[in-house]
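1. fold the following and give me the result.
(one chain, ligands or ions: 3)
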Amino acid sequence: MASVSLRRIMASSISSSYCQFGLKNRVVGVPRVPRRSFVVSASNFANENREFVIVGGGNAAGYAARTFVEHGMADGRLCIVSKEAFAPYERPALTKGYLFPLDKKPARLPGFHTCVGAGGDRQDPEWYQKHGIEVLYKDPVVSFDSNAQTVVTSSGKTIKYGSLIISTGAVSSRFPEKIGGDLPGVHYIRDVADADSLISSLQNAKKVAIIGGGYIGMEVAAAATGWNLDTTIIFPEDHIMSRLFTPSIAHRYEELYQSKGVKMMKGSLIEKLEAGTDGRVARVLLKNGTVVEADTVIVGIGAKPAVSPFGAVGLNSAVGGIQVDSLFRTSVPGIFAIGDVAAFPLKIYNRMTRVEHVDHARKSAQHCVKTLLTAHTEPYDYLPYFYSRVFEYEGSTRKVWWQFYGDNVGETVEIGNFDLKIATFWIDSDSRLKGVFLESGTSEEFALLPQLARSQPIVDKAKLKSVSTVEDALEIARSSL
Ligand SMILES: Cc1cc2nc3c(=O)[nH]c(=O)nc-3n(C[C@H](O)[C@H](O)[C@H](O)COP(=O)(O)OP(=O)(O)OC[C@H]3O[C@@H](n4cnc5c(N)ncnc54)[C@H](O)[C@@H]3O)c2cc1C
Ligand SMILES: NC(=O)c1ccc[n+]([C@@H]2O[C@H](COP(=O)([O-])OP(=O)(O)OC[C@H]3O[C@@H](n4cnc5c(N)ncnc54)[C@H](O)[C@@H]3O)[C@@H](O)[C@H]2O)c1
Ligand SMILES: O=C1O[C@H]([C@@H](O)CO)C(O)=C1O
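-> Ligands and ions are numbered 1, 2, ... in the order given. Next comes the predicted model:
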């Protein structure tokens, strides 16, 4: 707090015509520009300087903007360059509330702009104006020159930056055009435009095929049941959500989905997506020769970090994405990367990683901006956290909400009756609790999970295995803290 106030005082005393910033990460001083009008043409952009430029207007950018405001460093100093037509929003809503049936009050903007997902102000476009933050919409950065400290947008604007934060997120992996990946009726879901396009297909859909058994597969399949559509999930592994769920956890959810009419085609690879006579997708051909009829196909086969055009700042070959240190600094002074695109040191497990989840987008943004603006030098010490919520639409017979904290390594102990709730504990060979999963917990129970995963207590496995309720199991874990 002391450093924040100090920074505020310093910020207010800085010369209005020339400003230096980033006490710890100071790299360059650039002339401050006066507060500008929000409609700017390419020509009056040339050679203009910005103290802080954020490239990408997604989840992380929204939380970064909030942190600039909290430090009194946004007004007239911050510019966000965005590919999308909307101010930053809570992307998780797109496969949750956004896909509710149209008569069940689906979420729509401005309802879920950042930072409502984490309980902050709703940052609609007026919020950015009010705080003097310039946002360029529908104008992606297409090239960049780290020597000149400039980015160039697709409309031809050249923007000179003092510090640059790359928050370009990730893009959906796609099937190639030659196997039908671009046919009308084939959908990928990353942004509002994608979700709107999917909704227009769902309105006329009868048979839906969902390819991929991960987050998008599970969330969109659940949404499709709300629309009463004939739904099939096709995926290569032998159970859903294989990168996190144990076969046993997966089995519970698979049974639930099947009880709602969803068909599962496991261990299945795609040969081709084929069009009907109208040119729209009509069927999915599997490598084993099976044909799945479908008028709408949703592809959720993972995402790739959106590194272009910033590859020159240094990529991580093992986990992909832009390599940063524990303060989100890339190899180029004054350039930072946050959110899905950043490959960062995961201190708690001493390894490099990328995290494509919103909690990290929020926290990395806040940590990076705090470091940039103050003397704060605490390394980022992230505890992995994943969650999902499905079947939330009004009238659903069974709502599902789960959370996982930590690392899914070691032996597992599963407790509980899934009809009510279930918990799984990952315990390593030293009897340390490494990860914990909970379905349908209370808010107090969910609040215990990060404490457990962070402290990694030694637990008595035999005692844990001997109980039958989630409440008793959590109590044993709590008492070992
Ligand atoms: C449908 C969906 C549902 C999800 N649900 C959950 C969930 O329930 N829980 C969870 O933890 N996580 C969820 N996630 C993941 C979470 O949304 C991401 O981890 C988070 O959005 C990452 O934030 P980000 O700012 O790094 O990237 P993004 O939010 O993707 O933002 C990146 C932005 O940069 C823009 N951009 C890219 N390139 C350029 C360029 N060259 N110039 C300008 N702009 C550019 C993009 O258009 C985008 O607006 C979901 C993701 C998706 C796609
Ligand atoms: N609740 C959440 O946290 C949440 C929700 C939705 C989306 N997301 C994020 O959105 C992004 C995309 O999600 P996703 O579900 O697409 O990714 P994912 O990695 O969760 O799942 C990908 C699935 O597709 C399968 N797959 C991969 N290649 C395939 C291929 N060639 N053919 C058929 N299947 C293939 C995988 O085996 C897996 O089942 C991720 O970053 C994810 O974290 C997160
Ligand atoms: O983190 C989240 O943000 C959105 C929503 O809360 C915004 O309204 C959502 O569905 C999440 O899971």
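2. mind checking how far whatever residue of the stretch 251-400 of the chain ends up closest to ligand 1 is from ligand 3?
-> Nearest residue of the stretch 251-400 of the chain to ligand 1, counting by Cβ to the nearest ligand atom: G339, 2.2 Å away. C-beta coordinates here come from the backbone N, C-alpha and C atoms, glycine included. Per Cβ to the nearest ligand atom, to the nearest Å, G339 is found 14 Å from ligand 3.
3. and that residue, what does it touch?
-> Contact analysis of G339 by Cβ atoms under 8 Å, 6 or more residues apart in numbering lists 56, 58-60, 167, 169, 360-361, 364-365.
4. most neighbours of all these, which one?
-> If you count neighbours using other Cβ atoms under 10 Å, the busiest of these is A60, which has 33 neighbours.
5. confirm that one sits in a helix?
-> Yes: applying DSSP: H, G, I helix; E, B strand; the rest coil, one finds A60 inside a helix.
6. that one and H113, how far apart?
-> According to Cβ to Cβ, to the nearest Å, A60 and H113 sit 14 Å apart.
7. how near is I133 to S479?
-> Counting by Cβ to Cβ - I133 and S479 are separated by 48 Å.
8. which one of these two is surrounded by more residues?
-> I133 (23 against 11).
9. so how far is stretch 391-398 off the chain centroid?
-> Chain-centre distance of stretch 391-398: 24 Å, with Cα atoms, centre = their mean, to the nearest Å.
10. what of stretch 122-132?
-> 22 Å.
11. in it, which residues are buried?
-> 122-124, 127-128, 131 (16 or more other Cβ atoms under 10 Å).
12. quote the end-to-end distance of that stretch.
-> End-to-end distance for stretch 122-132: 16 Å, by Cα to Cα, to the nearest Å.
13. ditto for stretch 100-115
-> Using Cα to Cα, the end-to-end distance of stretch 100-115 comes to 21 Å.
14. can you confirm whether the longest helix seen in the chain lies near ligand 2?
-> Identified as the longest helix of the chain according to DSSP state H is helix 358-373. No: Helix 358-373 stays clear of ligand 2 (Cβ under 6 Å from any ligand atom), getting no nearer than 6.9 Å.
15. show me which residues of the chain sit near ligand 2.
-> Proximity of the chain to ligand 2, by Cβ under 6 Å from any ligand atom, involves residues 95, 170, 211-217, 219, 235-237, 270, 300-303, 356-357, 386, 388.
16. among these, which ones are buried?
-> 95, 170, 211-217, 219, 235-237, 270, 300-301, 303, 356-357, 386, 388.
17. so which of those sit within strands?
-> The strands, defined by DSSP state E, take in 170, 211, 270, 303, 386, 388 from those.
18. show me the beta-bridge partners of the second one.
-> Per DSSP bridges, residues listed as beta-bridge partners of I211: I234, V299.
19. need the max-distance pair from the contacts of G339.
-> Pairwise distances across the contacts of G339 (Cβ to Cβ) peak at 14.7 Å, for the pair G56 and H360.
20. out of the buried residues of stretch 122-132, which is nearest to F144?
-> F144 has its nearest neighbour among those in Y128, at 22.8 Å by Cβ to Cβ.
21. element containing that closest one?
-> Using DSSP states H and E, Y128 sits in helix 125-130.
22. do A223 as well
-> According to DSSP H and E, A223 maps onto helix 215-226.
23. just the CA trace of that helix, in CSV.
-> Coordinates of each C-alpha in helix 215-226 appear next as CSV, following Å, rounded to 0.1, in the frame of the first residue of the first chain:
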residue,chain,number,x,y,z
TYR,A,215,-14.1,-27.7,-21.4
ILE,A,216,-15.8,-26.4,-24.5
GLY,A,217,-17.2,-29.9,-25.4
MET,A,218,-18.6,-30.4,-21.9
GLU,A,219,-20.0,-26.9,-21.5
VAL,A,220,-21.5,-26.6,-25.0
ALA,A,221,-23.0,-30.2,-24.8
ALA,A,222,-24.7,-29.2,-21.6
ALA,A,223,-26.0,-26.0,-23.2
ALA,A,224,-27.4,-27.9,-26.2
THR,A,225,-29.5,-30.1,-23.8
GLY,A,226,-31.1,-26.9,-22.7
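24. done for today, thanks.
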